[in-house]
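Peer 1: predicted model follows, preceded by the sequence.
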Amino acid sequence: MALKVKTPCLSPSLLACQKCGTEKGIAGAESIGAPFIHIDVMDGKFVKNVSFGVDFVKEVHDKHKMLNDTHIMVERPWELVEEFAKAGSDIITFHLEACDNHERVEETIKKIHDGGAFAGLCIRPGTPIDSIAPYINSIDLVLLMCVEPGWGGQKFIPETYERIKKTKKLIKENNPSVLLEVDGGINDVTGPKSIEAGADILVTGTYLFGDETPEIRASKILNR
Ligand code: DX5
Ligand code: ZN
């Protein structure tokens, strides 16, 4: 089963709602008709910060009808993905850099699929796009980081536009059903430019839940 949504679209990030509250974040995401809600899991090892864990997914997964887009910034993801699938994650996106070899990547993807979730593969800004190629036929989504993972509110790295174009080409030529998601520093300038470069799903936290309203900000990101 392929992951099908109307694109381009947004995946509002609950990381930006730690102060204003998860309920408010969910309501904001629903108010803009987002198909996804983005949940950032950080273990304090793969990235220095600690954020949500499996209990948080359990708590929020059925409080709405959006797909739980879970981005796990953790070491040894193959040991955790089954738990996240059971907890209610619809998409589980893990980091290629967290796997020490090819077999571990394959194992993680298989465990995600066996758990009934869609599998996403994420790379940091410095990881070559070509490193995704061996897995393009086994995954449902590619997540390109536009900032170093670990914190919200960072500035978009401009080199990402070229990386989006390159990834889109790889997807089109090999497995067009794969969705391309971008994460970090998305706003009214970087959003439209990322879409133009080929992004399908835009994660947005700080900007979406900033001033104005999520409705106004979403329309600015999507240029509508
Ligand atoms: C960063 C996270 C992002 C973060 C994006 O490591 O993966 O999902 O929430 O937030 P903003 O939109 O604030 O850059
Ligand atoms: Zn994220």
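Peer 2: All right, it came through fine. Ligands and ions are numbered 1, 2, ... in the order given.
Peer 1: only C-alpha atoms for contact and neighbour calcs from this point on.
Peer 2: OK.
Peer 1: for the longest helix anywhere in the chain, packing partners?
Peer 2: With DSSP state H setting the assignment, residue counts place helix 160-174 as the longest helix in the chain. Taking 3 or more Cα pairs under 8 Å, 6 or more residues apart in numbering; DSSP states H and E as contact, the helices and strands that helix 160-174 lies on are helix 190-197.
Peer 1: which parts of the helix it packs on are buried?
Peer 2: Buried residues in helix 190-197, defined by neighbour count with 16 or more other Cα atoms under 10 Å: Thr190, Gly191, Pro192, Lys193, Ser194, Ile195, Ala197.
Peer 1: contacts only, for the first one.
Peer 2: Meaning Thr190. Thr190 is in contact with Phe156, Ile221, counting by Cα atoms under 8 Å, 6 or more residues apart in numbering.
Peer 1: how close does it sit to Val203?
Peer 2: Distance, Thr190 to Val203, by Cα to Cα, to the nearest Å: 11 Å.
Peer 1: one more: the last one?
Peer 2: Ala197 sits 15 Å away from Val203, going by Cα to Cα.
Peer 1: with Ser13 instead?
Peer 2: Ser13 is 6 Å from Val203, by Cα to Cα.
Peer 1: looking at the two, which has the bigger crowd around it?
Peer 2: Neighbours were counted for Ser13 and for Val203 using other Cα atoms under 10 Å; Ser13 has more, 28 against 25.
Peer 1: can you pull the contacts of the more buried one?
Peer 2: Gly25, Ile37, His38, Ile39, Asp40, Val203, Thr204, Gly205.
Peer 1: mind pulling up the pLDDT for the fifth one?
Peer 2: At Asp40 the predicted local distance difference test score is 98.
Peer 1: could you do Cys20 as well?
Peer 2: pLDDT, read off for Cys20, is 85.
Peer 1: need phi/psi at it.
Peer 2: Main-chain dihedrals, Cys20, degrees, to the nearest 10: phi -80, psi -20.
Peer 1: so who does Ile92 touch?
Peer 2: Ile92 makes contact with Asp69, Thr70, His71, Ile72, Val81, Phe84, Ala85, Ile112, Ala117, Phe118, Ala119, Gly120, according to Cα under 8 Å, 6+ apart.
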